[in-house]
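Colleague: I'll drop the sequence and a predicted model, then ask my questions.
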Amino acid sequence: MKKEDIMACIDHTMLKPVATMEQIEKLCEEAIKYHTASICIPSCYVKSVKEKYGNQINICTVVGFPLGYCNTQTKITETKQAILDGASEIDMVINLCDVKNGDFQKVEDEICALKKCCGEKILKVIIETCYLTKEEKIEMCKVVTKAGADYIKTSTGFGDDGATMEDILLFKEYIGEHVKIKAAGGIKSVRDMEEFLEAGCSRLGTSSGIALLKGRSAGGY
């Protein structure tokens with residue numbers, strides 16, 4: 001797989017709680033240079049990045065991150081402000097408490113509410129697979145599909161584990177035709193990226209993808 005094709009699927013990510021503006025700007029410059037799908041950054045930086053880089057970068061930010069159990073109205077407010085500030089993609093974290101209580105309708109309603117805020121902009125739904133049973137993952141595939149979200153995403157990168165091939169294949173079996181897959185968390189090699197893309201992922205959430213690809217000898221960069 002060509003480097004360029006992998007780069008085009010990367011959400012180049014910096015979500016550390018102590019991320020500085022200098023680090024965010026470095027992320028942006030790399031994303032522009034290597035033509036990544038987007039940058040994924042804390043919402044507090046969205047406005048500044050939009051003002052500095054304009055349409056050179058596709059800006060993604062996170063909502064309800066990383067635990068997901070804030071109330072729906074808070075997530076709606078976060079989403080509306082992020083879009084107003086210049087984000088074109090939102091990665092939301094579901095309320096795992098609702099999932100564990102079996103209240104899947106509440107989860108679906110929340111996703112629907114955020115998708116309504118997003119309109120034509122992209123909504124990715126983080127289900128944090130490391131905390132879910134197989135049955136809960138299957139149910140979430142159905143919920144994300146019914147709610148009209150654009151992507152189902154494996155992980156925040158802050159949980160106990162990240163993306164696994166087993167979960168990607170499970171997603172493929174149970175999501176609807178319009179739902180795409182984003183693997184995130186624990187991507188540690190170029191081969192990891194290739195395998196996830198070959199398995200059907202459309203996006204990869206990683207902070208190290210560019211560094212890994214730059215270290216590959218073939219193809220230049």
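Modeller: Yes, it's here. Remember, it's a predicted structure, so these values are computed and weren't measured experimentally. Residues are numbered from 1 along each chain as shown.
Colleague: quick one, phi/psi of Thr206?
Modeller: phi -160, psi 140 (degrees, to the nearest 10).
Colleague: now do stretch 137-157: distance to the chain's middle.
Modeller: 11 Å (CA atoms, centre = their mean, to the nearest Å).
Colleague: mind checking the SS state of the most centrally placed residue in the chain?
Modeller: In the chain, the centroid-proximal residue (CA atoms, centre = their mean) is Asp91; its distance is 4.9 Å. Following DSSP: H, G, I helix; E, B strand; the rest coil, Asp91 is assigned to strand.
Colleague: where does the closest residue to it other than its chain neighbours sit, in terms of helix or strand?
Modeller: Nearest non-adjacent residue to Asp91, counting by CB to CB, 6 or more residues apart in numbering: Lys124, 4.4 Å away. In short, each C-beta sits where N, CA and C put it, glycine included. Lys124 belongs to strand 122-126 when assigned by DSSP states H and E.
Colleague: in the next helix or strand after that strand, what's buried?
Modeller: Once the chain leaves strand 122-126, the next helix or strand it forms, by DSSP H and E, is helix 134-147. By 16 or more other CB atoms under 10 Å, the buried positions in helix 134-147 come out as Glu136, Lys137, Ile138, Glu139, Met140, Cys141, Val143, Val144, Thr145, Ala147.
Colleague: count the residues that sit near the nearest residue to His35 once chain neighbours are set aside.
Modeller: Closest residue in space to His35, ignoring its immediate chain neighbours: Met7 at 5.7 Å, by CB to CB, 6+ apart. Using other CB atoms under 10 Å, Met7 has 22 neighbouring residues.
Colleague: quick check: Met7 vs Gly86, distance?
Modeller: For Met7, the distance to Gly86 equals 22 Å [CB to CB, to the nearest Å].
Colleague: which residues of this structure score low on pLDDT?
Modeller: Scanning the chain for pLDDT under 70 picks out 216-221.
Colleague: for Thr20, list the residues it contacts.
Modeller: Thr20 sits next to no residue when contact means CB atoms under 8 Å, 6 or more residues apart in numbering.
Colleague: the protein: helices as residue ranges?
Modeller: For the chain, helices defined by DSSP state H occupy the ranges 3-7, 21-34, 46-53, 72-85, 96-100, 104-118, 134-147, 165-174, 190-198, 209-214.
Colleague: which strands and helices sit next to the strand holding Lys124?
Modeller: strand 59-63, strand 89-93, helix 104-118, helix 134-147, strand 151-153 (3 or more CB pairs under 8 Å, 6 or more residues apart in numbering; DSSP states H and E).
Colleague: name the helices or strands packed onto the first one?
Modeller: Taking 3+ CB pairs under 8 Å, 6+ apart as the contact definition, the neighbouring helices and strands of strand 59-63 are strand 38-41, helix 46-53, helix 72-85, strand 89-93, strand 122-126.
Colleague: do that again at 6 Å, thanks
Modeller: On a contact count with 3 or more CB pairs under 6 Å, 6 or more residues apart in numbering; DSSP states H and E, strand 59-63 meets strand 38-41, helix 46-53, helix 72-85, strand 89-93.
Colleague: ok, residues contacting the first one?
Modeller: Taking contacts as CB atoms under 6 Å, 6 or more residues apart in numbering, the residues outside strand 38-41 that touch it are 11-14, 24, 27-28, 31, 57-58, 60-61, 89.
Colleague: next one: the longest one
Modeller: Applying CB under 6 Å, 6+ apart, the set of residues contacting helix 72-85 from outside is Ser43, Val46, Lys47, Thr61, Val63, Gly64, Ile90, Glu110, Ala113, Leu114, Cys117.
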